[in-house]
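> let's see this in three dimensions:
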Amino acid sequence: MGKGKDGGLECCMACGAAACCCLMVIIVIALAGLGIAKIVMGAIYLHDCSIEDLIPIWLIVSGCAPILFGGFGRQNNEDSGDGNKLCGTICGVIGFLFNLAWLICGSVWVYPNYRTVTADDFTPCTGNITTGCTQGNCDKSLITFAFAMATLDWIFMGLWIVLIGCLILRVCKGSKKNDINLI
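Predicted coordinates:
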């Protein structure tokens, strides 16, 4: 087969597929790195946030949860029956709902305290300072990191919801076309 229009198209398709694969690998590595960073920051500052003790725990769990629930994704094994696919889908939905609920909890803990700790007039009640101060303290690097991670998690959650909505819409349109063909 000589060089022609089809050869160029095949090359473009191969380059596009390779670019998509590389992009997916980069995204997976970046998300794994963020999960590890959350676990490390939560563990390092586990006892350094008395204003809200659950912020470091939120970081640790939100770093571990995608790793734990990630193994429940749908398997493309041809030998597996519909029951395995349904089980994988149910576990994936449970993991998604857990991550959403945990993100809401983390936002309730992080956002108000971020505003308090990073305010210019923030003074923790320590030693002889007892008036005009705030009970509890939180390491600024921890609260800033937690704020950034909560915001980033909301962005990813929004993207996931849009993607899931598009997939559901596509499935619904596909089933309507099949219904029309049956009539």
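
> distance between whichever helix or strand Leu167 is part of and the chain's centre?
Taking DSSP states H and E as the criterion, Leu167 maps to helix 140-182. Distance of helix 140-182 from its chain centroid, counting by C-alpha atoms, centre = their mean, to the nearest Å, is 11 Å.

> which stretches of the chain have low pLDDT?
Residue ranges of the chain with pLDDT under 70: 1-9, 70-84, 127, 129-133, 176-183.

> what about Tyr111, neighbour count?
Neighbours of Tyr111 under the rule other C-beta atoms under 10 Å: 14. C-beta: built from backbone N, CA, C; applies to glycine.

> so it touches Ala150, yeah?
Yes - with contact defined as C-beta atoms under 8 Å, Tyr111 counts as touching Ala150 (6.9 Å).

> and the angle from the helix or strand containing Ala19 to helix 140-182?
Applying DSSP H and E as the criterion places Ala19 in helix 5-44. Between helix 5-44 and helix 140-182, the angle comes out at 140 degrees (axes from the mean of the first three to the mean of the last three C-alpha atoms, to 10 degrees).

> so what does helix 5-44 touch, helix or strand wise?
helix 54-70, helix 140-182 (3 or more C-beta pairs under 8 Å, 6 or more residues apart in numbering; DSSP states H and E).

> so which of the ones you listed is the most surrounded?
helix 54-70 (a mean of 18; mean count of other C-beta atoms under 10 Å).

> next helix or strand past that one?
Following helix 54-70 toward the C-terminus (DSSP H and E): helix 82-117.
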